[in-house]
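S.K.: Sequence first, then the predicted structure:
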Amino acid sequence: MAASAPPFDSHSDQQSNHQFPFEFAPHLTQDSELLQQLDFLPGLKELLMVRQVHALEHATAWVLTESMPPRPASAPFSFFPSPSEAEQVGGMSTSEGFYLYGKFDITQLRRATQRALERIVSGEWNLAVHPRCGTNMSVGMLLTAGLAIGTHLVLPREPIGQLLGLGAATMTAMQLAPELGGWAQKYVTTAIPFNLTIEGIHFLGERQGYPTHFVRVKWIDR
């Protein structure tokens, strides 16, 4: 999530976090109720926590990049453009918190994470979905593979037809991946972090050439 931060989460269009409307309203105790009903399942709490952390990670990325300048429209064309400041924001979620990659000071991060949590639990649920999330990449790869196999089996086994089929499969996957990836984020890989509180933020030095912080969170029952 080129010389940008690990795949995921950057901000190229400041308004794009409003393009994934939720079809039903999340509610405060949804994950607590699920945990009470299915507490016999091993690893369920960790899974629910990762989904909530993932949403908070995305929301924090949105808040951080809202004040960052986009790539100038007048910038000279390049086949390998340098990433903008916003495009160097990256993250990775765990069941204990999330890593953030980018040049931030600790005070800036404290404000951003707290503000992100307040906004997302107060109704800005679309902050949970990010267009550069690795979920979108995974969905795109699965679509490409599935459509490529399908066209290979359906089309005549001659080189030109197979190449055209592969091209069509790739283009179709590219068109479908953003919408399906957004759907997967909303309902599978993220959840509104109603049960999270921020415990602290720690600077971990540089990793893979990027300043790295870890935002530690704690689960609270509702």
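M.R.: Now that the structure is in, tell me what you want to look at.
S.K.: What residues of the longest strand along the chain count as buried?
M.R.: Scanning the chain for the strand with the most residues, using DSSP state E, yields strand 196-207. Neighbour counts over strand 196-207 (16 or more other CB atoms under 10 Å) mark 196, 198, 201 as buried. (Glycine included, C-beta is placed from N, CA and C.)
S.K.: From residue 97, how far out is the second one?
M.R.: It stands for residue 198. 8 Å (CB to CB, to the nearest Å).
S.K.: With residue 203 instead?
M.R.: Counting by CB to CB - residue 203 and residue 97 are separated by 13 Å.
S.K.: about what we covered before: I'd like the buried residues of strand 196-207 laid out as a markdown table, including pLDDT and distance to residue 177.
M.R.: Formatted as a markdown table, the buried residues of strand 196-207 follow (pLDDT from 0 to 100; distance: CB to CB, whole Å):
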| residue | pLDDT | distance to residue 177 |
| --- | --- | --- |
| 196 | 97 | 29 |
| 198 | 97 | 32 |
| 201 | 96 | 33 |
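S.K.: Pop the domain breakdown of this structure in here.
M.R.: As given by automatic domain parsing, the domain ranges for the chain are 23-71+81-129+190-222, 131-188.
S.K.: Find the one among these with the highest mean neighbour count.
M.R.: domain 23-71+81-129+190-222 (a mean of 18; mean count of other CB atoms under 10 Å).
S.K.: Spit out the residues that contact residue 198 and residue 97 alike.
M.R.: In terms of CB atoms under 8 Å, 6 or more residues apart in numbering, residue 198 and residue 97 are both contacted by the residues 215-217.
S.K.: backbone phi and psi for the spatially most central residue of the chain, please?
M.R.: Centroid check for the chain by CA atoms, centre = their mean gives residue 133 as the closest residue, at 3.1 Å. Residue 133 has phi and psi values of phi -70, psi 150 when expressed as degrees, to the nearest 10.
S.K.: Read off the pLDDT value for it.
M.R.: Predicted confidence (pLDDT) for residue 133: 89.
S.K.: Done for today, thanks.
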